[in-house]
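Q: Below are the sequence and a predicted model for it; my questions follow.
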Amino acid sequence: MFEDGGYSSGGGGVHPVVGVLDAADAVLADGREVHARGLGDEDLAEVLVRAHALAAKQAELFLRFLAEADTRDLGRRLGASSTTAWLRDALRMRPGTAKTNVDLAHRLTPPAPVEDYAANPAAGPRTSRSMPATHTALTAGEISTDHATVISKTMARLPPDVSTDDAARAEEDLAAFAREHDPATLQHLATHLLHVLDTESLEHREERAARKRRLRLVDLGDGTVRITGLVSTEDAATVRTVLDPLAAPTPTTDGERDRRTPEQRHADALIELCRRHLAHGELPTRHGHPTQLLLLANLTTLLHTNSPGDGASERT
(Lines give C-alpha, C1' and ligand atoms only; values in the text may rest on other atoms or scores of the structure.)
Protein backbone atom coordinates (compact mmCIF):
# COMPACT_ATOMS: atom_id res chain seq x y z
CA MET A 1 0.00 0.00 0.00
CA PHE A 2 3.01 2.26 0.23
CA GLU A 3 3.80 2.15 -3.48
CA ASP A 4 3.77 5.74 -4.69
CA GLY A 5 3.28 6.11 -8.41
CA GLY A 6 4.11 9.82 -8.12
CA TYR A 7 7.55 9.18 -6.62
CA SER A 8 10.14 8.72 -9.36
CA SER A 9 13.43 9.04 -7.49
CA GLY A 10 15.40 5.81 -7.80
CA GLY A 11 13.12 4.56 -10.57
CA GLY A 12 9.91 4.72 -8.53
CA GLY A 13 9.10 2.63 -5.48
CA VAL A 14 8.75 3.27 -1.78
CA HIS A 15 8.77 6.86 -0.62
CA PRO A 16 11.57 7.79 1.85
CA VAL A 17 9.02 8.66 4.53
CA VAL A 18 8.17 4.97 4.73
CA GLY A 19 11.75 4.19 5.69
CA VAL A 20 11.61 6.89 8.35
CA LEU A 21 8.42 5.43 9.82
CA ASP A 22 9.79 1.89 9.69
CA ALA A 23 12.96 3.00 11.47
CA ALA A 24 10.93 4.83 14.12
CA ASP A 25 8.76 1.76 14.65
CA ALA A 26 11.85 -0.43 15.04
CA VAL A 27 13.45 1.92 17.54
CA LEU A 28 10.30 2.18 19.61
CA ALA A 29 9.95 -1.60 19.52
CA ASP A 30 13.45 -1.84 21.03
CA GLY A 31 12.36 0.77 23.58
CA ARG A 32 9.70 -1.58 24.88
CA GLU A 33 12.45 -3.90 26.07
CA VAL A 34 14.25 -1.32 28.22
CA HIS A 35 13.29 -0.45 31.78
CA ALA A 36 13.98 2.31 34.27
CA ARG A 37 15.69 -0.05 36.67
CA GLY A 38 19.28 1.01 37.26
CA LEU A 39 18.75 4.61 36.15
CA GLY A 40 19.78 7.29 38.59
CA ASP A 41 17.41 10.14 39.37
CA GLU A 42 19.24 12.62 37.14
CA ASP A 43 19.38 10.16 34.26
CA LEU A 44 15.68 9.34 34.68
CA ALA A 45 14.82 13.03 34.57
CA GLU A 46 16.81 13.42 31.34
CA VAL A 47 15.03 10.41 29.82
CA LEU A 48 11.65 12.00 30.55
CA VAL A 49 12.71 15.30 28.95
CA ARG A 50 14.05 13.58 25.83
CA ALA A 51 11.03 11.29 25.49
CA HIS A 52 8.76 14.32 25.71
CA ALA A 53 10.81 16.08 23.03
CA LEU A 54 10.52 13.02 20.78
CA ALA A 55 6.73 13.19 21.10
CA ALA A 56 6.83 16.80 19.87
CA LYS A 57 9.03 15.85 16.91
CA GLN A 58 6.68 13.00 16.00
CA ALA A 59 3.73 15.41 16.20
CA GLU A 60 5.49 17.82 13.82
CA LEU A 61 5.94 14.99 11.31
CA PHE A 62 2.26 14.09 11.56
CA LEU A 63 1.14 17.71 11.18
CA ARG A 64 3.44 18.32 8.21
CA PHE A 65 1.91 15.46 6.27
CA LEU A 66 -1.57 16.41 7.47
CA ALA A 67 -1.13 19.84 5.86
CA GLU A 68 -0.27 18.14 2.58
CA ALA A 69 -3.25 15.81 2.90
CA ASP A 70 -5.70 18.65 3.41
CA THR A 71 -4.17 20.68 0.58
CA ARG A 72 -4.89 17.70 -1.69
CA ASP A 73 -8.39 17.42 -0.16
CA LEU A 74 -7.48 13.83 0.69
CA GLY A 75 -10.49 13.34 2.95
CA ARG A 76 -12.94 13.84 0.10
CA ARG A 77 -10.86 11.71 -2.25
CA LEU A 78 -11.11 8.89 0.30
CA GLY A 79 -14.87 9.23 0.57
CA ALA A 80 -15.25 11.48 3.62
CA SER A 81 -16.85 14.92 3.63
CA SER A 82 -13.55 16.60 4.52
CA THR A 83 -10.07 15.90 5.84
CA THR A 84 -11.33 16.76 9.32
CA ALA A 85 -14.13 14.20 8.99
CA TRP A 86 -11.69 11.59 7.73
CA LEU A 87 -9.38 12.18 10.71
CA ARG A 88 -12.29 11.87 13.09
CA ASP A 89 -13.32 8.50 11.66
CA ALA A 90 -9.96 6.97 10.70
CA LEU A 91 -8.06 8.01 13.84
CA ARG A 92 -11.09 8.11 16.16
CA MET A 93 -10.44 11.74 17.11
CA ARG A 94 -12.87 14.11 18.73
CA PRO A 95 -14.35 16.44 16.08
CA GLY A 96 -12.87 19.51 17.77
CA THR A 97 -9.44 17.88 18.06
CA ALA A 98 -9.49 16.91 14.39
CA LYS A 99 -10.34 20.46 13.30
CA THR A 100 -7.69 21.93 15.59
CA ASN A 101 -5.09 19.59 14.10
CA VAL A 102 -5.97 20.57 10.53
CA ASP A 103 -5.84 24.29 11.34
CA LEU A 104 -2.56 23.90 13.20
CA ALA A 105 -1.05 21.86 10.39
CA HIS A 106 -1.72 24.59 7.84
CA ARG A 107 -0.31 27.32 10.05
CA LEU A 108 2.86 25.34 10.75
CA THR A 109 3.29 24.30 7.11
CA PRO A 110 1.56 26.83 4.82
CA PRO A 111 0.79 25.63 1.28
CA ALA A 112 3.27 26.52 -1.42
CA PRO A 113 2.36 29.79 -3.19
CA VAL A 114 0.96 28.51 -6.46
CA GLU A 115 -1.76 29.81 -8.73
CA ASP A 116 -3.83 26.68 -9.21
CA TYR A 117 -5.64 25.30 -6.15
CA ALA A 118 -8.03 23.13 -8.13
CA ALA A 119 -7.27 20.13 -5.92
CA ASN A 120 -8.74 21.87 -2.88
CA PRO A 121 -9.77 25.52 -3.26
CA ALA A 122 -10.42 25.77 0.48
CA ALA A 123 -6.72 25.12 1.12
CA GLY A 124 -5.70 27.80 -1.36
CA PRO A 125 -4.16 31.18 -0.60
CA ARG A 126 -4.87 31.52 3.11
CA THR A 127 -5.08 34.78 4.97
CA SER A 128 -3.96 33.04 8.17
CA ARG A 129 -0.66 33.99 9.73
CA SER A 130 2.11 31.42 9.36
CA MET A 131 4.16 30.21 12.32
CA PRO A 132 7.80 29.57 11.28
CA ALA A 133 9.28 30.17 14.74
CA THR A 134 6.74 27.83 16.32
CA HIS A 135 7.43 25.23 13.66
CA THR A 136 11.17 25.39 14.38
CA ALA A 137 10.61 25.02 18.12
CA LEU A 138 8.24 22.08 17.69
CA THR A 139 10.62 20.34 15.27
CA ALA A 140 13.40 20.69 17.83
CA GLY A 141 11.18 19.25 20.56
CA GLU A 142 11.46 22.47 22.56
CA ILE A 143 7.71 23.02 22.84
CA SER A 144 4.64 20.77 22.79
CA THR A 145 1.64 20.65 20.51
CA ASP A 146 -0.34 22.27 23.32
CA HIS A 147 1.94 25.29 23.07
CA ALA A 148 1.63 25.31 19.29
CA THR A 149 -2.16 25.15 19.51
CA VAL A 150 -2.27 28.19 21.81
CA ILE A 151 -0.09 30.13 19.36
CA SER A 152 -2.17 28.99 16.38
CA LYS A 153 -5.44 30.15 17.94
CA THR A 154 -3.83 33.45 18.94
CA MET A 155 -2.61 34.10 15.40
CA ALA A 156 -6.14 33.46 14.15
CA ARG A 157 -7.43 36.18 16.49
CA LEU A 158 -4.96 38.88 15.48
CA PRO A 159 -6.74 42.12 14.53
CA PRO A 160 -7.06 42.40 10.75
CA ASP A 161 -5.20 45.70 10.66
CA VAL A 162 -2.02 44.28 12.22
CA SER A 163 0.81 44.49 9.71
CA THR A 164 2.63 41.43 8.43
CA ASP A 165 5.82 42.48 10.22
CA ASP A 166 4.01 42.96 13.55
CA ALA A 167 2.29 39.60 13.15
CA ALA A 168 5.64 37.92 12.49
CA ARG A 169 7.18 39.52 15.57
CA ALA A 170 4.18 38.46 17.65
CA GLU A 171 4.59 34.86 16.53
CA GLU A 172 8.30 34.94 17.33
CA ASP A 173 7.57 36.32 20.80
CA LEU A 174 4.95 33.66 21.45
CA ALA A 175 7.32 30.90 20.37
CA ALA A 176 9.96 32.30 22.73
CA PHE A 177 7.42 32.46 25.57
CA ALA A 178 6.45 28.84 24.84
CA ARG A 179 10.02 27.71 25.47
CA GLU A 180 9.86 29.20 28.96
CA HIS A 181 6.28 28.73 30.14
CA ASP A 182 3.53 26.12 30.32
CA PRO A 183 0.56 26.35 27.90
CA ALA A 184 -1.75 27.94 30.50
CA THR A 185 0.72 30.75 31.22
CA LEU A 186 1.36 31.10 27.51
CA GLN A 187 -2.38 31.60 27.01
CA HIS A 188 -2.38 34.49 29.50
CA LEU A 189 0.60 36.07 27.75
CA ALA A 190 -1.08 35.59 24.38
CA THR A 191 -4.27 37.26 25.60
CA HIS A 192 -2.25 40.23 26.83
CA LEU A 193 -0.46 40.41 23.49
CA LEU A 194 -3.78 40.54 21.65
CA HIS A 195 -4.84 43.51 23.77
CA VAL A 196 -1.58 45.28 23.00
CA LEU A 197 -1.96 44.70 19.27
CA ASP A 198 -5.57 45.82 19.22
CA THR A 199 -4.93 49.31 17.89
CA GLU A 200 -8.58 50.24 17.51
CA SER A 201 -9.26 53.32 19.66
CA LEU A 202 -12.19 53.68 22.03
CA GLU A 203 -13.61 56.38 19.78
CA HIS A 204 -13.51 54.04 16.78
CA ARG A 205 -15.23 51.31 18.78
CA GLU A 206 -18.01 53.67 19.79
CA GLU A 207 -18.45 54.84 16.20
CA ARG A 208 -18.62 51.26 14.99
CA ALA A 209 -21.17 50.34 17.68
CA ALA A 210 -23.29 53.36 16.74
CA ARG A 211 -23.28 52.36 13.07
CA LYS A 212 -24.40 48.81 13.92
CA ARG A 213 -27.29 49.80 16.22
CA ARG A 214 -30.73 48.63 15.15
CA LEU A 215 -34.16 47.63 16.44
CA ARG A 216 -36.67 45.65 14.40
CA LEU A 217 -40.21 44.47 15.06
CA VAL A 218 -41.55 41.71 12.81
CA ASP A 219 -45.22 40.66 12.96
CA LEU A 220 -45.22 36.85 12.77
CA GLY A 221 -48.92 36.71 11.95
CA ASP A 222 -49.80 34.43 14.86
CA GLY A 223 -50.52 37.07 17.45
CA THR A 224 -46.84 37.61 18.31
CA VAL A 225 -44.19 40.05 17.18
CA ARG A 226 -40.49 39.24 17.15
CA ILE A 227 -38.26 42.02 18.49
CA THR A 228 -34.56 41.91 17.57
CA GLY A 229 -31.89 44.53 17.89
CA LEU A 230 -28.33 45.53 18.57
CA VAL A 231 -27.07 48.38 20.73
CA SER A 232 -23.74 49.46 22.17
CA THR A 233 -22.48 48.13 25.48
CA GLU A 234 -23.10 51.51 27.10
CA ASP A 235 -26.66 51.71 25.79
CA ALA A 236 -27.32 48.14 26.89
CA ALA A 237 -26.24 49.08 30.41
CA THR A 238 -28.81 51.89 30.37
CA VAL A 239 -31.53 49.50 29.22
CA ARG A 240 -30.64 46.98 31.91
CA THR A 241 -30.65 49.67 34.59
CA VAL A 242 -34.22 50.57 33.68
CA LEU A 243 -35.61 47.11 32.98
CA ASP A 244 -34.00 45.04 35.75
CA PRO A 245 -36.03 46.58 38.63
CA LEU A 246 -39.25 46.10 36.65
CA ALA A 247 -38.23 42.54 35.74
CA ALA A 248 -37.59 41.43 39.32
CA PRO A 249 -39.61 38.36 40.41
CA THR A 250 -42.91 39.37 41.98
CA PRO A 251 -44.68 36.94 44.35
CA THR A 252 -48.40 36.44 43.84
CA THR A 253 -50.97 37.75 46.29
CA ASP A 254 -51.03 34.24 47.81
CA GLY A 255 -47.32 34.40 48.48
CA GLU A 256 -46.36 31.94 45.73
CA ARG A 257 -43.20 32.50 43.78
CA ASP A 258 -43.24 34.23 40.43
CA ARG A 259 -43.65 31.49 37.82
CA ARG A 260 -42.55 33.67 34.90
CA THR A 261 -39.24 32.88 33.22
CA PRO A 262 -36.53 35.58 33.22
CA GLU A 263 -37.27 36.19 29.53
CA GLN A 264 -40.98 36.62 30.25
CA ARG A 265 -40.26 39.00 33.13
CA HIS A 266 -38.06 41.16 30.89
CA ALA A 267 -40.72 41.19 28.17
CA ASP A 268 -43.29 42.30 30.75
CA ALA A 269 -40.85 44.91 32.04
CA LEU A 270 -40.46 46.44 28.59
CA ILE A 271 -44.23 46.67 28.13
CA GLU A 272 -44.66 48.12 31.61
CA LEU A 273 -42.00 50.74 30.90
CA CYS A 274 -43.78 51.79 27.71
CA ARG A 275 -47.16 51.96 29.49
CA ARG A 276 -45.74 54.17 32.23
CA HIS A 277 -44.24 56.50 29.66
CA LEU A 278 -47.55 56.69 27.78
CA ALA A 279 -49.37 57.52 31.01
CA HIS A 280 -47.18 60.59 31.52
CA GLY A 281 -48.06 61.95 28.09
CA GLU A 282 -44.52 63.09 27.40
CA LEU A 283 -44.14 61.55 23.94
CA PRO A 284 -43.43 63.97 21.08
CA THR A 285 -46.08 64.62 18.42
CA ARG A 286 -45.95 63.15 14.93
CA HIS A 287 -46.92 65.47 12.06
CA GLY A 288 -48.56 67.84 14.55
CA HIS A 289 -50.67 65.16 16.20
CA PRO A 290 -50.09 63.67 19.65
CA THR A 291 -49.04 60.03 19.80
CA GLN A 292 -52.06 57.74 20.00
CA LEU A 293 -52.42 54.21 21.29
CA LEU A 294 -54.96 52.19 19.33
CA LEU A 295 -56.75 49.26 21.00
CA LEU A 296 -58.78 46.66 19.10
CA ALA A 297 -61.70 44.97 20.86
CA ASN A 298 -64.82 43.11 19.79
CA LEU A 299 -68.35 44.47 20.35
CA THR A 300 -69.04 42.21 23.32
CA THR A 301 -66.05 43.60 25.17
CA LEU A 302 -67.04 47.18 24.38
CA LEU A 303 -70.64 46.65 25.55
CA HIS A 304 -69.35 44.86 28.64
CA THR A 305 -72.31 42.47 28.54
CA ASN A 306 -72.27 40.18 31.56
CA SER A 307 -75.76 38.89 32.31
CA PRO A 308 -79.42 39.90 31.82
CA GLY A 309 -80.59 42.64 34.10
CA ASP A 310 -77.20 44.17 34.76
CA GLY A 311 -78.21 47.37 33.02
CA ALA A 312 -75.92 46.89 30.06
CA SER A 313 -78.77 47.39 27.56
CA GLU A 314 -79.79 50.68 29.20
CA ARG A 315 -76.15 51.94 28.95
CA THR A 316 -76.12 51.30 25.20
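A: Perfect, I can see it now.
Q: hey, where'd the strands end up in the stretch 101-250 of the chain?
A: 214-219, 225-230 (DSSP state E, counting those that start in this stretch).
Q: CSV for those, including distance to Met93 and mean pLDDT?
A: Yep, even glycine has a C-beta here, placed from its N, CA and C like the rest. Below are the strands of the stretch 101-250 of the chain laid out as CSV (distance: least, Cβ to Cβ, whole Å; pLDDT from 0 to 100):
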stretch, distance to Met93, mean pLDDT
strand 214-219, 41, 92
strand 225-230, 37, 92
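Q: Relative to Ala24, which of the ones you listed is closest?
A: Across these, the minimum distance to Ala24, taken as Cβ to Cβ, is reached by strand 225-230, at 54.2 Å.
Q: Not counting sequence-adjacent ones, nearest residue to Lys78?
A: Small correction: residue 78 is Leu, not Lys. In space, and not counting its chain neighbours, Leu78 is closest to Trp86: 5.8 Å by Cβ to Cβ, 6 or more residues apart in numbering.
Q: now that neighbour, what's its secondary structure?
A: Judged by DSSP: H, G, I helix; E, B strand; the rest coil, the three-state class of Trp86 is helix.
Q: you'd agree it is up against Gly75?
A: Yes - under the criterion of Cβ atoms under 8 Å, Trp86 is in contact with Gly75, at a separation of 3.6 Å.
Q: Might you list the low-confidence residue ranges for the stretch 1-150 of the chain?
A: Across the stretch 1-150 of the chain, the stretches falling below the confidence threshold (pLDDT under 70) are 1-12, 111-128.
Q: how many other residues sit next to the residue nearest to Leu78?
A: Each residue near Trp86 was counted by other Cβ atoms under 10 Å, and the total is 22.
Q: Could you give the bridge partners of Val218?
A: Residues found in beta-bridge contact with Val218 (criterion: DSSP bridges) are Arg226.
Q: list the contacts for it?
A: Under the criterion of Cβ atoms under 8 Å, 6 or more residues apart in numbering, the contact list for Val218 reads Val225, Arg226, Thr228.
Q: buried ones in the biggest helix by length in the chain?
A: With secondary structure taken from DSSP state H, the chain has its longest helix at helix 41-71. Buried residues in helix 41-71, counted by 16 or more other Cβ atoms under 10 Å: Ala53, Ala56, Ala59, Glu60, Leu63, Arg64, Leu66, Ala67, Ala69, Asp70, Thr71.
Q: so which two of these are the farthest from each other?
A: The largest distance within the buried residues of helix 41-71, taken as Cβ to Cβ, falls between Ala53 and Thr71 and amounts to 27.6 Å.
Q: pLDDT wise, what is Pro183 at?
A: Reading off the confidence values, Pro183 has pLDDT 96.
Q: and it, what is it in contact with?
A: Contacts for Pro183 (Cβ under 8 Å, 6+ apart) come out as Ser144, Asp146, His147, Thr149, Val150.
Q: Who are the contact partners of the first one?
A: In this case it means Ser144. Remark: with contacts taken as Cβ under 8 Å, 6+ apart, Ser144 is in contact with His52, Ala55, Ala56, Ala59, Leu138, Pro183.
Q: same check, this time on Asp268
A: Taking Cβ under 8 Å, 6+ apart as the contact definition, Asp268 lies against Leu246, Ala247, Arg260.
Q: make it 7 Å
A: Asp268 is in contact with Arg260, counting by Cβ atoms under 7 Å, 6 or more residues apart in numbering.
Q: any idea which helix or strand comes after the helix or strand containing it?
A: With elements taken from DSSP states H and E, the one containing Asp268 is helix 262-280. Later in the chain than helix 262-280, the nearest helix or strand by DSSP H and E is helix 299-303.
Q: Grab the nearest non-local neighbour of Ala36.
A: With Cβ to Cβ, 6+ apart as the criterion, Ala36 has its nearest non-adjacent residue at 6.1 Å, and that residue is Leu44.
Q: Any figure for the gap between that neighbour and Ala56?
A: In this view, Leu44 and Ala56 are 19 Å apart by Cβ to Cβ, to the nearest Å.
Q: likewise Asp43?
A: The spacing between Asp43 and Ala56, counted by Cβ to Cβ, is 21 Å.
Q: Then His204?
A: Using Cβ to Cβ, His204 is found at 41 Å from Ala56.
Q: Likewise for Ala209?
A: Ala209 sits 43 Å away from Ala56, going by Cβ to Cβ.
Q: now swap in Asp198 and tell me
A: Counting by Cβ to Cβ, the gap from Asp198 to Ala56 is 31 Å.
Q: again with Ala175
A: 13 Å.
Q: overlap in contacts of these two?
A: Common neighbours of Ala175 and Ala56 (criterion: Cβ under 7 Å, 6+ apart): none identified.
Q: ok, back up a step: which strands and helices lie in contact with the longest helix of the chain?
A: helix 95-108, helix 132-139 (3 or more Cβ pairs under 7 Å, 6 or more residues apart in numbering; DSSP states H and E).
Q: Could you report the distance from the nearest residue to Ile227 once chain neighbours are set aside to Ala51?
A: Computed as Cβ to Cβ, 6+ apart, the closest residue to Ile227 that is not its neighbour in sequence is Leu217, at 5.5 Å. Shown here: Leu217 relative to Ala51, a distance of 63 Å by Cβ to Cβ.
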